[in-house]
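> this is a predicted model, with the sequence first.
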Amino acid sequence: MQNIMAAAGKWPMEVRFPGLDISFEIDRVAFSIGSINIYWYAILIATGFLLAVVYAFRRAKYFGLKADPMIDVVIVGLVSSVICARAFYVIFRLDHYDSFIDMINIRDGGIAIYGAVIGAFGSGLITCKLRKVDTLAMFDVAAIGFLIGQ
């Protein structure tokens with residue numbers, strides 16, 4: 001366990017299962033499209049989000065929710081969660097940024113899950129009110145979606 005902890009944060013990372021005599025390296029970049037790197041973390045978060053959406057739409061009928069207004073809540077929640085995740089991160093590290101461009105450059109890392117949850121919750125509440133979606137039912141579905149997504 002000590003060797004695994006010592007290697008944490010260094011890429012490529014070696015994963016070892018000593019009892020099985022198996023080891024391999026994982027690079028944080030899954031693949032690249034031109035000069036844009038796609039990271040494993042992004043793939044895992046996107047997969048979690050998609051699974052959460054699939055769950056939510058399958059359970060929507062049980063909670064009396066209609067798909068069309070629910071799509072609006074999900075899209076607005078997604079966009080605002082990314083914006084708020086970055087804003088939350090930047091607010092607590094203002095001394096690390098020289099310009100506004102540096103603050104919005106998400107490609108250099110730095111998002112906070114707390115900001116994403118706050119942004120999704122707040123925008124979801126407002127969008128539910130505007131689209132006349134049963135807020136409590138939507139939040140019941142979304143609660144399990146948050147867990148699946150994480």
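Sure, I can see it.

> how many neighbours does residue 40 have?
13 (other Cβ atoms under 10 Å). In short, each C-beta sits where N, CA and C put it, glycine included.

> correct me, but it touches residue 46?
No: using Cβ atoms under 8 Å, residue 40 makes no contact with residue 46, being 10.7 Å away.

> dump the residue contacts of the residue sitting nearest the centre point of the chain.
Residue closest to the mean C-alpha point of the chain, counted by Cα atoms, centre = their mean, is residue 45 at 4.8 Å. Residues in contact with residue 45 (Cβ atoms under 8 Å, 6 or more residues apart in numbering) are residue 149.

> can you give me the distance of it to residue 71?
Distance of residue 45 to residue 71, computed by Cβ to Cβ, to the nearest Å: 20 Å.

> repeat that for residue 133.
Relative to residue 71, and taking Cβ to Cβ, residue 133 is found at 10 Å.

> likewise for residue 83?
In terms of Cβ to Cβ, residue 83 sits 19 Å off from residue 71.

> which one's more surrounded, these two?
residue 83 (17 against 13).

> okay, the more buried one: pLDDT?
Residue 83 is assigned a pLDDT of 94 by the prediction.

> list of residues touching the helix or strand hosting residue 140?
Per DSSP states H and E, residue 140 falls inside helix 135-149. The contact list for helix 135-149 (Cβ under 8 Å, 6+ apart) reads 45, 48-49, 51-53, 55-56, 59-60, 63-65, 70, 73, 77, 117, 120, 124-125, 128-129.

> show me where the protein has strands.
Along the chain, counting by DSSP state E, strands occupy 13-17, 22-26, 29-33, 36-39.

> let's have those in JSON lines, adding distance to residue 147.
Output for these, formatted as JSON lines (distance: least, Cβ to Cβ, whole Å):
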{"stretch": "strand 13-17", "distance to residue 147": "25"}
{"stretch": "strand 22-26", "distance to residue 147": "25"}
{"stretch": "strand 29-33", "distance to residue 147": "24"}
{"stretch": "strand 36-39", "distance to residue 147": "23"}
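
> identify whichever of these lies nearest to residue 103.
Closest to residue 103 of these is strand 36-39 (Cβ to Cβ; 19.9 Å).
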